[in-house]
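Engineer: Sequence first, then the predicted structure, then my questions.
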Amino acid sequence: MERGCTLFVLVVLTVSSLVDGQEGSCQPGTFGDYCSYSCNCGSSCNSATGVCAGACDDGWREGNGSLCQKENVAYGKQVSGSGDYSNSWTAKKAVDGNRDQDVTHGSCYHSYYYPTFWWVDLAAEYRIHSVRIYNRAGYPHRLANCSISVGPDSNSETVCYTFPSNRKDIPDVIDLTCNGIGNFFIIRNPGNAPSQDDTLNICEVEIYVCSKGTFGAYCSEFCHCLNSTCDHATGKCPGDCSPGWMGNTCSTQCTNGTYGPNCLKKCDDRHCNGTSSCPPVYGGCTTGCEKGWARPDCSDCTTGFHGPECIECGHCATNTTCDSTTGECGSGCLEGFTGLQCKESVGNGSSVAGAVVGTLLLLLIAVIIAVVVFRWRGKHSSSVRGHHAVFNQKERQKGDDNVYMNVDVDTFPIYATPNVKAQKQSQGYRHS
């Protein structure tokens, strides 16, 4: 059990570290955000800053207390020239990494045919900016008036740099700026150098491009472009910044309670489960999310919830969930439920309606019974009062012999019963 708990804690800490965009320690030879940069100086660089303690690897420049992020993209690439003066002075000598400028040591290119040229295929399109050329020592005039072109093929004639015509202005090691975009880098000698010497003697050509994510004269500044890289000269990103960064060069970290791509998300809009820090990269909630909200930043609904408030989905069909916006179950409902969101029980609607109708009918019957009873009681009371009034009137109008006297038709209702005995005596009297 203790082993399982330890493993669980390790996994949680690892996930948390990745979510927050923080790296504890990079593997040797890497450094920076998510350990995504290579040291290019063996394993001697600092895992946080990338500064190299020793020299750079072949094909890289600077080092020894600085970064090694300036790459020579010409190193070891395919080359060609206007003939090789000897097998010791071939075109590939200019990209073999040997900067020895003594031609007798077999480290330089010496052309043979005229007009003379030399080119290197960089194998990919580059935005070229910084170039260093090691000329044959003591022969600067052989580069006078030469031109450099950059383009998509070896015939490109888009000139990005022209060497001075005065040999005194051409040092043995030349650092120059060539602003161009292309796969091919071409040096041409037009044949109008002093003494008409149009031979090419070059010992090494280094074309420097900053590694992905760096820019500046020494490739020591960092940009953080989203799914792309910045211009290695200006540092400008072609699109959005990576999460946690903002600005034209995407080199400013999010501040003031913001996070995410271009720092457009607000920490206060998250639905963390309690108080949490807000890392600038993904804004992950270290305390977890409220119910219905998904990690890392608790700003979107987790599976099974929908809408702006992340309400729980209804009873969608097995192994499916509702639309995260509308909450509708596109694949249907589980048995026993209905409706677009599958939140209504089958029969619930008719049962409620039946109950309502039944209640109304009972109320109606009760009202009818009450009315009938009320009217019956009213009629009965009137009949009793009328009967008592007539009976009292009769008592006053009959004589001692119980014979009704001078009873008017209006005062003697037809339903009153006459004194039978008095009638018989009266009849007998009249017939005698």
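Structural biologist: Arrived safely.
Engineer: Check the spacing between the closest residue to Cys225 other than its chain neighbours and His129 real quick.
Structural biologist: Spatially, and ignoring its direct neighbours in sequence, Cys225 is nearest to Cys237 (3.7 Å; Cβ to Cβ, 6 or more residues apart in numbering). (C-beta placed from N, C-alpha, C; glycine too.) Distance of Cys237 to His129, computed by Cβ to Cβ, to the nearest Å: 17 Å.
Engineer: Going by neighbour count, which residues of stretch 48-65 are buried?
Structural biologist: Neighbour-count burial for stretch 48-65 flags 50-52, 56-57, 59-63 (criterion: 16 or more other Cβ atoms under 10 Å).
Engineer: From those, pick the one nearest Ser220.
Structural biologist: For these, the residue nearest Ser220 by Cβ to Cβ is Glu62; the value is 7.9 Å.
Engineer: tell me the contacts of the closest one?
Structural biologist: For Glu62, the contact set (Cβ atoms under 8 Å, 6 or more residues apart in numbering) comprises 52, 56, 68-70, 218-220.
Engineer: ok, and the most crowded of the residues you listed?
Structural biologist: Each of these was scored for neighbours by other Cβ atoms under 10 Å, and Gln69 scores highest at 33 neighbours.
Engineer: Which pLDDT value goes with that one?
Structural biologist: pLDDT, Gln69: 94.
Engineer: hang on, isn't it packed against Cys210?
Structural biologist: Yes: judged on Cβ atoms under 8 Å, Gln69 makes contact with Cys210 at a distance of 5.9 Å.
Engineer: Quickly list what's touching both of the two.
Structural biologist: In contact with both Gln69 and Cys210: Cys219, using Cβ under 8 Å, 6+ apart.
Engineer: Wasn't the residue nearest to Cys225 part of a helix?
Structural biologist: No: applying DSSP: H, G, I helix; E, B strand; the rest coil, one finds Cys237 to be coil, outside a helix.
Engineer: got the contact list for it?
Structural biologist: For Cys237, the contact set (Cβ under 8 Å, 6+ apart) comprises 223-226, 228, 230, 248-250.
Engineer: can you give me the strands for the stretch 301-432 of the chain?
Structural biologist: Remark: strands assigned in the stretch 301-432 of the chain by DSSP state E, counting those that start in this stretch are 305-306, 311-312, 337-338, 344-345.
Engineer: how many neighbours does the residue nearest to Ser251 when sequence neighbours are not counted have?
Structural biologist: What sits nearest to Ser251 in space, not counting adjacent residues and going by Cβ to Cβ, 6+ apart, is Cys223, at 5.5 Å. By the measure other Cβ under 10 Å, the count of residues near Cys223 is 27.
Engineer: does Arg188 count as helix, strand or coil?
Structural biologist: strand.
Engineer: On the pLDDT front, check the residue lying closest to it once chain neighbours are set aside for me.
Structural biologist: Using Cβ to Cβ, 6+ apart and skipping the chain neighbours, the partner closest in space to Arg188 is Phe117 (4.8 Å). pLDDT recorded at Phe117 is 93.
Engineer: Give the residue spans of this protein that score low on pLDDT.
Structural biologist: Where the chain drops to pLDDT under 70, the residues are 1-24, 192-197, 347-357, 378-432.
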